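Visitor: Need coordinates for the following:
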Amino acid sequence: EVGCPQHLVHHQGVCVCGGGKEPKYASGTSRSDESNLLPAECVPCGAGHYKSERGNYPCNECQAGSVQPDTGSAKCVACLRGEYQRFNGMAQCGLCDPQTTSSPPFTSCSECDRGTCRYSSEEASTYTCKPCHPLATCPLNSTTVPTIVLNDGAWRLTNRSTALQRCRASGGYSPCIGGD
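Guide: Modelled structure (predicted):
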């Protein structure tokens with residue numbers, strides 16, 4: 001068995017860099033010489049990059065729709081619903097605009113479908129387009145809380161409120177007309 005310097009690991013009879021690290025060779029070494037040389041050191045993959053297996057090859061870029069915020073990583077993580085990343089090799093996902101959401105492969109955002117609504121612009125990754133409230137109509141592809149249309153017999157305190165209520169009737173009469 002081959003004895004490897006401390007910064008390398010033994011793999012299939014060769015000394016190589018471990019997962020999450022790429023080789024760095026001594027300056028003045030030509031590319032053709034590298035296949036026969038041991039790396040001078042193994043450096044962590046940069047943010048937006050990964051290397052899942054051992055070997056003396058460079059780290060890979062995370063593909064669009066996935067990111068890696070940390071260095072020295074063995075894998076990338078997919079963006080979540082409400083997030084996107086259109087470029088390779090990036091460290092962070094972007095947030096979709098309030099009236100939009102994302103779905104796999106998380107490379108872009110799109111409007112919510114008619115009959116659904118994006119209920120919050122805060123913490124967008126945890127909010128997706130959800131079915132419209134049963135007391136309302138979501139007529140637009142870009143319906144948000146302020147643009148929900150209340151059905152007759154329903155009310156809410158303000159156009160920013162997601163708490164929709166039925167008008168109460170007493171003796172067949174209701175002072176609440178409902179609707180927007």
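Visitor: drop to CA atoms for contacts and neighbour counts, all remaining ones
Guide: Will do.
Visitor: Quick one: residues contacting the residue nearest the centre of the chain.
Guide: Residue closest to the average C-alpha location in the chain (C-alpha atoms, centre = their mean): residue 79, at 1.7 Å. Contact partners of residue 79, counting by C-alpha atoms under 8 Å, 6 or more residues apart in numbering, are 65-67, 85, 93, 106.
Visitor: could I get those as CSV with neighbour count, distance to residue 115 and pLDDT?
Guide: CSV is the format used below for those (neighbours: other C-alpha atoms under 10 Å; distance: C-alpha to C-alpha, whole Å; pLDDT from 0 to 100):
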residue, neighbour count, distance to residue 115, pLDDT
65, 27, 27, 97
66, 28, 29, 98
67, 27, 32, 98
85, 25, 27, 97
93, 25, 27, 97
106, 22, 22, 94
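Visitor: Next, give me the two most distant ones among the residues you listed.
Guide: Greatest spacing in the contacts of residue 79, by C-alpha to C-alpha: 67 and 106 (10.7 Å).
Visitor: in the chain, which segments are predicted with low confidence?
Guide: Scanning the chain for pLDDT under 70 picks out the ranges 1-2, 28-36, 98-99, 120-128, 141-142, 172-175, 177-180.
Visitor: helix, strand or coil for the nearest residue to residue 160 once chain neighbours are set aside?
Guide: Nearest non-adjacent residue to residue 160, counting by C-alpha to C-alpha, 6 or more residues apart in numbering: residue 146, 5.3 Å away. Secondary structure for residue 146, judged by DSSP: H, G, I helix; E, B strand; the rest coil, is helix.
Visitor: what's the spacing between residue 146 and residue 21?
Guide: Separation of residue 146 from residue 21 (C-alpha to C-alpha, to the nearest Å) stands at 49 Å.
Visitor: more neighbours, these two?
Guide: residue 21 (30 against 12; other C-alpha atoms under 10 Å).
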